[in-house]
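**Q** sequence first, then the predicted structure, then my questions.
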Amino acid sequence: MQFDLVAQDSGSSARAGTLHTAHGAVPTPIFMPVGTLGTVKGVHPTELKNDIKAHIVLGNTYHLYLRPGTPILEKAGGLHGFTTWDGPMLTDSGGFQVHSLQDIRKITEEGVKFQSHIDGSRHLFTPEAVMDIQRTIGADIVMAFDECTDYPCAKPYAREAMERTHRWLDRCFTQWNATEPKYGYEQALFPIVQGSTYPDLRQESAEYIASKGAFGNAIGGLSVGEPAEEMYAMADQVCRILPTDKPRYLMGVGTPANILENIALGVDMFDCVMPTRNARNGQIFTSEGILNLRNAKWADDFSPLDPYGDATVDQRYSKAYLRHLFHADEQLGRQIASIHNLRFYLWLVEQARAHILAGDFASWKNQMVPKLQNRL
């Protein structure tokens with residue numbers, strides 16, 4: 001596994017690179033569609049590859065551990081074999097998911113005890129167990145087990161959670177180094193920077209994570225309700241500390257504008273459920289802004305979903321047709337919208353990369369961000 005830094009924008013900290021994995025190369029900056037349960041909702045694997053042009057997808061340890069379970073995944077040869085997706089894959093450790101189960105989980109130094117949201121059964125995630133589960137899932141890139149805090153979060157608890165995340169990280173590395181990949185290819189472990197929105201904690205955490213010399217590093221605990229300005233300030237601070245020759249992954253972010261602003265700060269990798277979740281509710285992202293397909297104004301608009309500038313997606317389907325599908329509660333509407341939004345996100349990072357390579361990313365970004373935030 002290797003990361004090559006290809007270009008640096010002259011007017012910002014944006015970078016273009018190539019992440020090489022056993023399942024293929026990933027051009028960065030990149031957006032990773034979220035396939036929590038081994039599927040990107042409403043999207044066929046061939047569409048994911050051929051229409052959306054995804055390079056890497058994300059799965060989730062918590063959900064896959066509960067269903068279908070690691071014994072099934074191991075028999076299938078890992079998540080790649082189980083799903084037929086043959087490209088690169090990343091798994092989140094489940095830290096955010098168990099954090100969100102506030103009424104049915106308990107955090108201790110040992111790990112997190114929780115009840116399944118499916119059947120109420122009781123489980124324990126420790127750093128060691130999460131490493132073993134991710135070995136069995138078989139993703140190319142796996143995340144350390146961390147504790148994500150709410151926003152706002154009192155500083156004493158933010159420090160407590162950050163320090164526990166660091167101690168858990170040491171246990172993750174110990175277990176990781178004591179085990180081998182199960183399916184004959186290399187896997188990489190990414191640590192996660194925490195510290196809420198406190199600059200001194202973020203600095204301390206980023207320095208600790210950078211000291212581990214991991215193949216890549218992640219920034220967690222953002223996009224949890226804080227203002228965008230605070231997210232950018234924390235990402236900027238952390239990117240200035242994390243090694244420049246390693247990929248940087250900002251977890252769970254975000255809107256198209258969020259992605260461009262964080263690319264400008266030096267982030268390389270993103271994931272978010274927003275393009276598919278919002279698509280299922282009729283919200284479409286375009287190069288000129290955001291449109292709500294349920295609005296009456298689109299009822300007789302026969303133009304493509306995004307007719308502006310570059311052809312980002314399939315141009316066959318009109319706003320009027322997709323609005324009809326949503327009002328008729330046809331599943332096809334949610335499917336087309338999901339494919340469109342994911343393709344748009346991939347197009348956006350492709351354009352970002354092209355402008356980084358051309359050396360004019362900063363000026364292009366400043367033109368794009370206001371348009372991306374328009375309500376059409």
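**A** The structure has been received and is ready for your questions. Everything numeric in this text was worked out from a predicted model, so none of it was measured.
**Q** every contact and neighbour count from this point should use C-alpha atoms.
**A** Fine.
**Q** measure residue 135 to residue 317 for me?
**A** Distance, residue 135 to residue 317, by C-alpha to C-alpha, to the nearest Å: 42 Å.
**Q** then residue 70?
**A** 40 Å.
**Q** and for residue 209?
**A** Residue 209 is 46 Å from residue 317, by C-alpha to C-alpha.
**Q** OK, contacts around the residue lying closest to residue 28 once chain neighbours are set aside?
**A** In this structure, residue 28 finds its nearest non-sequential neighbour in residue 17, 4.9 Å apart by C-alpha to C-alpha, 6 or more residues apart in numbering. By C-alpha atoms under 8 Å, 6 or more residues apart in numbering, residue 17 lies in contact with 3-7, 27-29, 268.
**Q** mind listing what residue 204 touches?
**A** Counting by C-alpha under 8 Å, 6+ apart, residue 204 makes contact with nothing.
**Q** can you read off the pLDDT for it?
**A** If you check residue 204, the pLDDT there is 98.
**Q** which residues does stretch 147-163 contact?
**A** Contacts for stretch 147-163 (C-alpha under 8 Å, 6+ apart): 95-96, 99, 164-165, 194-196, 198, 201, 205, 220-221, 224-226.
**Q** swap the cut-off to 6 Å and go again
**A** 95-96, 165, 194-195, 221, 225 (C-alpha atoms under 6 Å, 6 or more residues apart in numbering).
**Q** next one: stretch 175-187
**A** Stretch 175-187 is contacted from outside by 128, 135, 140-141, using C-alpha under 6 Å, 6+ apart.
**Q** could you rerun that using 8 Å?
**A** If you take C-alpha under 8 Å, 6+ apart as the criterion, stretch 175-187 is touched by 1, 21-22, 77-78, 128, 131-132, 135-136, 138-142, 189.
**Q** restricted to strands, list these.
**A** The strands in this structure, assigned by DSSP state E, contain 21, 141-142, 189 from the contacts of stretch 175-187.
**Q** one step back: more neighbours, residue 135 and residue 317?
**A** Higher neighbour count among residue 135 and residue 317: residue 135, with 22 against 17, using other C-alpha atoms under 10 Å.
**Q** show me what contacts the more buried one?
**A** Residue 135 makes contact with 180-182, according to C-alpha under 8 Å, 6+ apart.
**Q** at 10 Å instead, please
**A** 70, 74, 78, 129, 142, 176, 179-183, 187 (C-alpha atoms under 10 Å, 6 or more residues apart in numbering).
**Q** neighbour-wise, which of the residues you listed leads?
**A** The residue in the contacts of residue 135 with the most neighbours, by other C-alpha under 10 Å, is residue 142 (26 neighbours).
**Q** ok, that one touching residue 134?
**A** Yes - Residue 142 is within contact range of residue 134, at 6.6 Å (criterion: C-alpha atoms under 10 Å).
**Q** shared neighbours, the two?
**A** Joint contacts of residue 142 and residue 134 (C-alpha under 10 Å, 6+ apart) are 60-61, 90-93, 187, 189.
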